[in-house]
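Chemist: Here is my input; please provide its structure:
(one chain, ligands or ions: 1)
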Amino acid sequence: MSNDFNTDVIVVGAGPAGISAAIEIAKNGRKVVLLERAQYPGSKNVYGGAVYHKALEFVFKDQVQELPYERIINEHTYSFLNEDSSFEMTYKNANSKNAYAIKRFNLEHWMIEQAKKQGVYYSPNTLVKKLIENNGSVIGVETEFEQYFAPVVILADGVNSLLAKKLGLRENFKSKNFILSAKEVIKLNKKIIEQRFNLKEDLTNGVNKQYFGSDFGKLKGIKNLFMMSYLYTFKDTISIGVGVNLEDLAKTKLNINEVLDAVKQHPDIAPLIEDGQLIEYSAHLIPEGGFNNLPKLYANGVMLVGDAAGFVNSVHFEGTNFALVSGKLAGETALIALDDNDFRESKLSVYKEKLEESFILKDLYAYRNVIELLHSRANSLSVYYPNKIKEFFEIVTGVSCTPKAKEFRGFLIQFIKDRKISELFKDIYAFSKCALDVLLGK
Ligand SMILES: Cc1cc2nc3c(=O)[nH]c(=O)nc-3n(C[C@H](O)[C@H](O)[C@H](O)COP(=O)(O)OP(=O)(O)OC[C@H]3O[C@@H](n4cnc5c(N)ncnc54)[C@H](O)[C@@H]3O)c2cc1C
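Modeler: Residues are numbered from 1 along each chain as shown. The predicted structure follows:
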């Protein structure tokens, strides 16, 4: 370490990405300062509820066994909602340990404890106001009260990384590249949650429900609203939320709280949270620009990780895994740069190579068109097909004393009449293109 520097690496932001980067550096004997604006770990961080085993294991190895999670999430349901009905598919695997429900406060607190054990210098209550540059390289950061200098700075400051923007690594924020999600945490008696969701007392199972459809309640009649809602079970709380693209919110003039209220009042969902006590409300952005809108991921003396880099696959509700793994890969790159005493962009390009070898850029590439295609077919996904599913199952399950053949023929004829053939082809094109892109991904 040169005398001009107080530390080897500075990491800005103590979410999963920043903590993971800091751990990688510290456990390999280098000095790292982790700066976080919040007073307590996790207090500024928001998610729906699931953090993934493999990604945690990648960073924490066997220590994952000690993660203070609340439930193992091993049951997933996918529901299409309309006014008064729903169509649900469930997948469960009692032996799966793929995902854990854990509150962000507890997750970040636990991760910070692991980081401190490795020798990370953690500084909460520290807002980084700007980056310090010299000769076209980032060489440190300025906080409200002091300056820190290091040859490598890792920006893990989350979805609206103003530091990356000021540095010119990101373009101006475009609303279409972000989801706004509102989420409530609802407290219920543990036993009630177990009864309502058919869960075991020993916390070895838990549910994640994902909902599609928007043609209900106050949202009825809004044609092009693509939204995904979710519910996660914790020990004695439920988290429920909804995400809508910022551009769609502006176009429909809806407030995200109205959307969440409509979701909570849906007849399929209201009984699940009935008599619960609202104990937490949060709203947060999620990056949705994907591969086609990634920022510049590194420059002289600096790398972007996690949400700051736009690493989220919103189709699968995956973000913490991208954050944990990209943080570790940036940490590994910083170690190489320190060993070679070379912090130029050309050396930090190793980070991009590592991202390309990992699932991160492969997945983002495979899903590069999916979100845009889903948005372009918003009405089909949110209104048209959920309603057609209802009509279909009304025939399957209903007894109308009309010949079934006549009813099914009527359904089919109406389906073709209702749907302009050009719209049907657009749907088929969009959904097949999504499937093909993913199948042909790297
Ligand atoms: C509503 C919602 C639901 C989600 N659900 C899931 C889910 O179920 N599963 C999943 O895997 N992902 C989910 N995600 C995505 C996931 O939360 C993020 O991808 C993940 O938290 C990103 O981690 P990060 O470390 O990059 O950023 P963050 O967790 O956002 O951390 C950034 C940190 O930087 C700090 N910071 C920012 N600016 C500064 C500064 N100038 N100085 C100092 N500190 C600063 C912040 O205080 C914060 O602690 C969800 C996201 C949202 C919003």
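Chemist: Can you classify the closest residue to residue 201 other than its chain neighbours as helix, strand or coil?
Modeler: Nearest-residue entry for residue 201: residue 194, 6.2 Å, with adjacent residues in sequence omitted and distances by Cβ to Cβ, 6 or more residues apart in numbering. All C-beta spots, glycine's among them, are computed from the backbone N, C-alpha and C. Assigned with DSSP: H, G, I helix; E, B strand; the rest coil, residue 194 falls in the helix class.
Chemist: From the structure, what's the count of residues near residue 194?
Modeler: Residues lying near residue 194 (other Cβ atoms under 10 Å) number 18.
Chemist: How much space separates the residue sitting nearest the centre point of the chain from the ligand?
Modeler: Nearest to the centroid of the C-alpha atoms of the chain, with distances taken as Cα atoms, centre = their mean, sits residue 319, at 3.7 Å. Distance of residue 319 to the ligand, given as Cβ to the nearest ligand atom, to the nearest Å: 2 Å.
Chemist: Likewise for residue 389?
Modeler: From residue 389 to the ligand the distance is 26 Å (Cβ to the nearest ligand atom).
Chemist: residues contacting that residue?
Modeler: Neighbour list for residue 389: 80, 82, 87 [criterion: Cβ atoms under 8 Å, 6 or more residues apart in numbering].
Chemist: tell me the phi and psi of the last one?
Modeler: Put plainly, it is residue 87. phi -120, psi 120 (degrees, to the nearest 10).
Chemist: Equivalent analysis for the first one, please.
Modeler: Residue 80 adopts backbone torsions of phi -100, psi 120, taken as degrees, to the nearest 10.
Chemist: how about the spatially closest residue to it that is not a sequence neighbour, what does it touch?
Modeler: Ranked by Cβ to Cβ, 6+ apart and with sequence neighbours excluded, the top spatial neighbour of residue 80 is residue 386, at 4.2 Å. Applying Cβ under 8 Å, 6+ apart, we find residue 386 in contact with 80, 81, 82, 87, 212, 213, 215.
Chemist: The first one pairs with what?
Modeler: What that stands for is residue 80. On the basis of DSSP bridges, residue 80 is bridged to residue 87, residue 212.
Chemist: what's the farthest-apart pair in the contacts of residue 386?
Modeler: Maximum pairwise distance among the contacts of residue 386 (Cβ to Cβ): 13.1 Å, between 87 and 215.
Chemist: Next, please give the residue ranges for the helices of the stretch 251-400 of the chain.
Modeler: For the stretch 251-400 of the chain, the helices defined by DSSP state H, counting those that start in this stretch occupy 256-265, 270-273, 320-340, 345-357, 359-366, 370-376, 378-379, 385-397.
Chemist: And the contacts of the fifth one?
Modeler: If I follow you right, that is helix 359-366. Against helix 359-366 from outside (Cβ under 8 Å, 6+ apart): 290-291, 294, 311, 313, 318, 322, 325-326, 329, 352, 355-356, 437-438, 440-442.
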